[in-house]
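Undergrad: Below is the sequence, then the predicted model.
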Amino acid sequence: RILLEKWKSETEYWVGSSKVYVIERHVIDAYAEKGFPEGWYLISMDLSVRNEKVRKVLSKVNWDLIIIDEAHRLSPVSAPKRWKYIGEELVEKHPERHVILLSATPHKGFPRDYIAKLRILDPGLVDNFKKLDNNMFYTLAHNVLVFRRLKEDVNKVYEKRDVFKPAHLVAVLIKPTDLEAEFYKRMESTLLKILGKYRPEKDKTGTPYGRKWGLIMLLVTLLAKRAFSSPVAAYSTITYMTYKRAKTWKAVNPRDLEKEANRLRNKVVAHLMGDYTEETLISKVKRGIKEADPMNEFLACASAFLDDGSIRELEELAKLAQDILKKGHDSKLAKLAELVKHYIDEGSKIVVFTEYKETAYYIANGLQKAVGDKVLVLTGEEAYSGDTMEKIKDCFLREEGECKVLVSTDVLSEGLDLQVANVLINYDLPWSPLKLEQRMGRIWRLGQEKECYIYMFVVGSSKKAT
């Protein structure tokens, strides 16, 4: 949905504004009454899936061409409802229709998912992905069904000029303070101890741990990622998790606890792998409903499986993270401020990405102390409420805009044009490398007039880091 305005303006440029229509709930009847006049119709992927009335109307239209942008979100594996309506109802049942699938995101390597998309493009392919999952088929499909256009191809083969400016990727290994090094060391030790406790096949009561093992592994991984994101993310996560743990035991029947934890785990994995969509969030924000963070909810639920000793150790780590905050010196934040100042002095604009909204606000507050009111922050809630996007357009996206730094969660990692900036800093690394690719594509894209500098921050686990 966040890309509708972009598609509208780009399409109007080529075909004229009188031929471009945006489909929303309140106008679908008007289009239907007019018989859908010839033109280009734009609709967000999930509106076409979630709204039954919209689905029925669109199914009756004799479309000549269907273009699916961000086609990696169309999947029979991770998005079955989306696939059932868009992939099957609109496309597979109508082999006469022309179809174009667009994506700048590499597929995840799941053959069933990938080949299902190729069957949309060529309905004559056998309906058995295992028979097609081989190098010979993939070679035959290249430049027939699948066309890849790399930046290097554009520069050296098609245009023979630097349409895409060079990009420099730099890993920054940051040296921690003594207090930070102690925190990281103790966090690593505690998490490994938790894994060790729950690795045995059975606990002391004879209850098998096997089913819970996956929950514990995800819990430990999420804690580690948040701990290395920022001390505020570590502190807020652990305190929320331990606070909710007691309530979870009281509110949920122990027999249902594991079922609920697994439901939340699936939601978290879909979120981290980029299979979720912001459409649901938009709808809830408009209705005044605040969407719960699926990772926080999972951690709160899964923490009920930890023993009291593990919880006490995590609470000690939360106190240590709080000590780092009280000391007022965060090595990673200090390095970020130094880098941001340097590029602002050079006349550049900067985009800073983090996975967590707590870290995003923490970064923004720290940078405001260093560079003043030149910083904007954007997380999921702000992206679709009020005039936030307009503010970003006026303040950051205009070359002369007063804002020089945009701090964001991955709500901005797809589709948007941020090439007014030529510096991108990954304050923490995303769960999936696909997200890293999407983040880089925000600034390293068509229309970028400067060389790009993309940084990845990594904190060393000891004072020996350089």
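TA: Cool, the structure landed.
Undergrad: Would you map the helices across the stretch 1-150 of the chain?
TA: 4-15, 28-33, 47-50, 52-59, 80-82, 111-121, 129-132, 135-141 (DSSP state H, counting those that start in this stretch).
Undergrad: Asp410 is nearest to which of those helices?
TA: Across those, the minimum distance to Asp410, taken as CB to CB, is reached by helix 4-15, at 17.7 Å. C-beta here means a position set from N, CA and C on the backbone, and glycine is covered the same way.
Undergrad: Report all helices and strands that the closest one contacts.
TA: strand 20-22, strand 40-42 (3 or more CB pairs under 8 Å, 6 or more residues apart in numbering; DSSP states H and E).
Undergrad: can you list these in a markdown table and add distance to His72?
TA: Converted to a markdown table, these look like this (distance: least, CB to CB, whole Å):
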| stretch | distance to His72 |
| --- | --- |
| strand 20-22 | 23 |
| strand 40-42 | 19 |
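Undergrad: Columns mean pLDDT, distance to Leu424 and mean neighbour count on top of those, output as a markdown table?
TA: Formatted as a markdown table, these follow (pLDDT from 0 to 100; distance: least, CB to CB, whole Å; neighbours: other CB atoms under 10 Å):
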| stretch | mean pLDDT | distance to Leu424 | mean neighbour count |
| --- | --- | --- | --- |
| strand 20-22 | 95 | 30 | 17 |
| strand 40-42 | 96 | 28 | 17 |
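Undergrad: Helices of the stretch 151-300 of the chain, residue ranges please.
TA: Using DSSP H, counting those that start in this stretch, helices in the stretch 151-300 of the chain cover 151-153, 178-198, 210-229, 231-251, 254-272, 279-286, 294-302.
Undergrad: quick revisit: hey, least reliable of the helices of the stretch 1-150 of the chain by pLDDT?
TA: Here the lowest mean pLDDT among the helices of the stretch 1-150 of the chain goes to helix 47-50, at a mean of 82.
Undergrad: helix, strand or coil for Leu376?
TA: Secondary structure of Leu376, reduced to three states by DSSP: H, G, I helix; E, B strand; the rest coil: strand.
Undergrad: ok so, going back, lowest mean pLDDT across the helices of the stretch 151-300 of the chain, which one is that?
TA: Taking the mean pLDDT of the helices of the stretch 151-300 of the chain, helix 279-286 comes last: a mean of 52.
Undergrad: what's near enough to touch the most centrally placed residue in the chain?
TA: In the chain, the residue lying closest to the centroid (CA atoms, centre = their mean) is Asp410, at 4.4 Å. When contacts are counted by CB atoms under 8 Å, 6 or more residues apart in numbering, Asp410 touches Phe353, Glu355, Pro430, Lys435, Gln438, Arg439.
Undergrad: between those, which is closest to Asp178?
TA: Glu355 (26.7 Å).
Undergrad: Can you point out the buried residues in stretch 359-374?
TA: Under the neighbour-count criterion of 16 or more other CB atoms under 10 Å, stretch 359-374 has Thr359, Ala360, Tyr361, Tyr362, Ile363, Ala364, Gly366, Leu367, Ala370, Val371, Lys374 buried.
Undergrad: The fifth one: what's it in contact with?
TA: Contact partners of Ile363, counting by CB under 8 Å, 6+ apart, are Ser230, Leu333, Leu336, Val352, Thr354, Val377, Val407, Tyr427.
Undergrad: got it, and the second one?
TA: With contact taken as CB under 8 Å, 6+ apart, Ala360 is in contact with Thr354, Val377, Leu378, Thr379, Val407, Ser408, Thr409.
Undergrad: With that, I have no additional questions.
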